[in-house]
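Asks: sharing a model prediction with you, sequence too.
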Amino acid sequence: MRWHDLIAEVSAVGSAGNSGETITGIEYDSRRVRPGAVFVAMKGGTTDGNRYVDKAIAAGALGIVTDSAQTFDHLTVYQPGFPVLEVEHGRRALAQASAAFFGHPERMLAATGITGTNGKTTTAFLTESLLNLAARKTVLVGTIEYHVAGDVRPSIHTTPESRDLYELMAEGATLGATELVTEVSSHALDQGRMAGIDFDVAVFTNLTRDHLDYHQTMEKYFAAKRLLFDGTLYPAPRVAVINACDSHGEELALAARNAGAEVRMYGIGKGDWRATTYTLTPSGASIELETPAGSARVESHLAGEVNIFNLLAAFTAAHARGVPFSELVDAVPRLRPVPGRFQPVVAGQPFTVIVDYAHTDDALRNLIALARQMTTSTGKRVITLFGCGGDRDRTKRPKMGQAAGEGSDFVVATSDNPRSEDPLAILAGIEPGLRATRVNYLIEPDRAAAIRIALEKAAPGDVVLIAGKGHEKEQILANRTIPFDDAEVALHALADLGYSGTK
């Protein structure tokens, strides 16, 4: 691909210069520019790529795509003949340039996008698993990891920039993948990172309080999620799969229908794709399904009511992608839990230890309710450990404390990626919510020490919840990032307490 080929596919408001050399790459980070690459300089939430144009050129950039008229004018005056393109939307241009450079892999993969506050990761994993069990090759992009036709990669962002997403899709298409399953964050939707992806199926799991440090209000947060369905910024999906039990479900369904999408509502006791009854077991659930495609009883190895919602969303999405109902029913017993999502830690101890990613008050409340279901018949206790991330929405801290205190018998409040904030200041924000519930609690800023305390407090039959970090392998502190895996730390603590075994 050469410069004239690239600019033919990018919407521009100005163009100058030319080059007959072969383009070697598309980059939005000047540190990744190599000779022959095109650098897309775009304004972001925390920085402006236009500040790094000179560095990109010094690194050998063949051309510049910029969303700054000032940068365009400067280059045309001081770098006459140098290839430069001025665009109105930097991220849209990045997507257009990336799609062109990587050979339009979005045309070779049918895309399923999953958005919502809670359940995105589990729903994405389950959807991919159902497609894989139906002999489909997939590309999975999400919080825990990326999958490229079976190859597992570490996750960099929940929803990467379009350039990186197109590269993953291109690799997958080359290896025979025909499906893209991706989590779609509200940040990505708001920032235009999904430009160029025409979603065949879009899934909405739920909406609860989160990310207000970015969106500021729940209305703006919902508006960002809605972009995946309403056809205003992105094309409306062919099929919208929406949680009928969420308070925003009907409004979102109306927006999707008005945009031309087929709407499939799922839920427990509600929606066309529904669980009419279910029985929870220690290892999963037995569920009666009623759908327009048929009815069946399925046995799931995913524990708790929340995972019935996740399973219904994935089941409905996979059916929308053409997997027959009978194949989906047969596949459900073969599905397995997702790492860091209600993940058991087993070392021969006489109590249950669960690691989970719950990091909002709603998710924490659901997690504790699930643990309470496990102890209802025994009268045993629920012990909850959690924290709140630093440099994030401060208003949810007392809400998290209240959620933990209302459902638990004992709470340990600790650190969870304090970042630049003082961990004690974060805990001081949590404590009013705990005090209001009159629960017995303990404050311990050292997360490893806190995990040990929670485990020491456990008696036979109790359930210990280690919430907040889930699959994460690091703890982000003010001046450094250290390795930290809740499940591994729990295993070491259990070993010190005289229990040994495997996760």
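Replies: Everything's here; your move.
Asks: which stretches of the stretch 401-503 of the chain form helices?
Replies: Here the stretch 401-503 of the chain has its helices, by DSSP state H, counting those that start in this stretch, at 423-437, 447-457, 486-496.
Asks: and those helices: which comes nearest Leu175?
Replies: Smallest distance to Leu175 across the helices of the stretch 401-503 of the chain (CB to CB): 30.7 Å, for helix 486-496. Backbone N, C-alpha and C define where each C-beta goes, glycine included.
Asks: give the buried residues for that closest one.
Replies: 486-487, 489-491, 493-494 (16 or more other CB atoms under 10 Å).
Asks: for Phe410, which residues are in contact?
Replies: Going by CB atoms under 8 Å, 6 or more residues apart in numbering, Phe410 touches 381, 383-384, 439-442, 454, 457.
Asks: cutoff 10 Å now
Replies: 381-385, 404, 439-442, 453-454, 457-458, 462, 464 (CB atoms under 10 Å, 6 or more residues apart in numbering).
Asks: pull out the buried members of these.
Replies: 381-385, 404, 439, 441, 453-454, 457-458, 462, 464.
Asks: and these, which is closest to Phe39?
Replies: Distances from Phe39 to these, taken by CB to CB, are shortest for Leu385, at 45.1 Å.
Asks: which SS class is that closest one?
Replies: Leu385 falls in the strand class when you classify it by DSSP: H, G, I helix; E, B strand; the rest coil.
Asks: correct me if wrong: it contacts Ile466.
Replies: Yes - between Leu385 and Ile466 there is a contact at 5.1 Å, judged by CB atoms under 10 Å.
Asks: need the residues touching each of those two.
Replies: Common neighbours of Leu385 and Ile466 (CB under 10 Å, 6+ apart) are 355, 412, 414, 447, 450-451, 454-455, 486, 490.
Asks: put together CSV for the buried ones among the contacts of Phe410, with pLDDT and distance to His471 on each row.
Replies: Shown next, in CSV, are these (pLDDT from 0 to 100; distance: CB to CB, whole Å):
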residue, pLDDT, distance to His471
Arg381, 97, 26
Val382, 98, 22
Ile383, 98, 21
Thr384, 98, 19
Leu385, 98, 16
Ala404, 98, 21
Val439, 97, 27
Tyr441, 98, 26
Ile453, 98, 23
Ala454, 98, 19
Lys457, 97, 25
Ala458, 97, 23
Asp462, 95, 24
Val464, 97, 18
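Asks: just give me the closest of those residues to Gln70.
Replies: For those, the nearest to Gln70 is Ala404 (49.9 Å; CB to CB).
Asks: residue contacts, the closest one?
Replies: So Ala404 contacts 358, 361, 364-365, 367-368, 382, 384-386, 410-413, 430, 433-434, 437, 439, 441, 465, 467 (CB under 10 Å, 6+ apart).
Asks: out of the shared contacts of Leu385 and Ile466, who has the most neighbours?
Replies: Top of the shared contacts of Leu385 and Ile466 by neighbour number is Val355, holding 30 neighbours under the definition other CB atoms under 10 Å.
Asks: for that residue, what is the enclosing helix or strand?
Replies: According to DSSP states H and E, Val355 maps onto strand 352-356.
Asks: what is that strand packed up against?
Replies: strand 343-344, helix 361-375, strand 382-386, helix 447-457, strand 463-467, helix 486-496 (3 or more CB pairs under 10 Å, 6 or more residues apart in numbering; DSSP states H and E).
Asks: pick the one among the buried ones among the contacts of Phe410 closest to Ala255.
Replies: Ala404 (34.5 Å).
Asks: in the stretch 101-250 of the chain, where is pLDDT below threshold?
Replies: Residues of the stretch 101-250 of the chain meeting the criterion pLDDT under 70: 158, 209-216.
Asks: need the strands for it, in chain order.
Replies: Along the stretch 101-250 of the chain, counting by DSSP state E, counting those that start in this stretch, strands occupy 110-115, 138-141, 145-148, 151-154, 179-183, 199-204, 239-243.
Asks: buried residues in the third one?
Replies: Right, strand 145-148. 146-148.
Asks: who does that strand pair up with?
Replies: With DSSP bridges as the test, strand 145-148 is paired with strand 138-141 (antiparallel), strand 151-154 (antiparallel).
Asks: highest mean neighbour count out of these?
Replies: strand 138-141 (a mean of 27; mean count of other CB atoms under 10 Å).
Asks: and Pro344, what pLDDT?
Replies: We have a pLDDT of 84 for Pro344.
Asks: related to what we said a few turns ago, just put the helices and strands packed on strand 352-356 in TSV and tack on distance to Arg334.
Replies: Formatted as TSV, the helices and strands packed on strand 352-356 follow (distance: least, CB to CB, whole Å):
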stretch	distance to Arg334
strand 343-344	18
helix 361-375	22
strand 382-386	30
helix 447-457	32
strand 463-467	26
helix 486-496	23
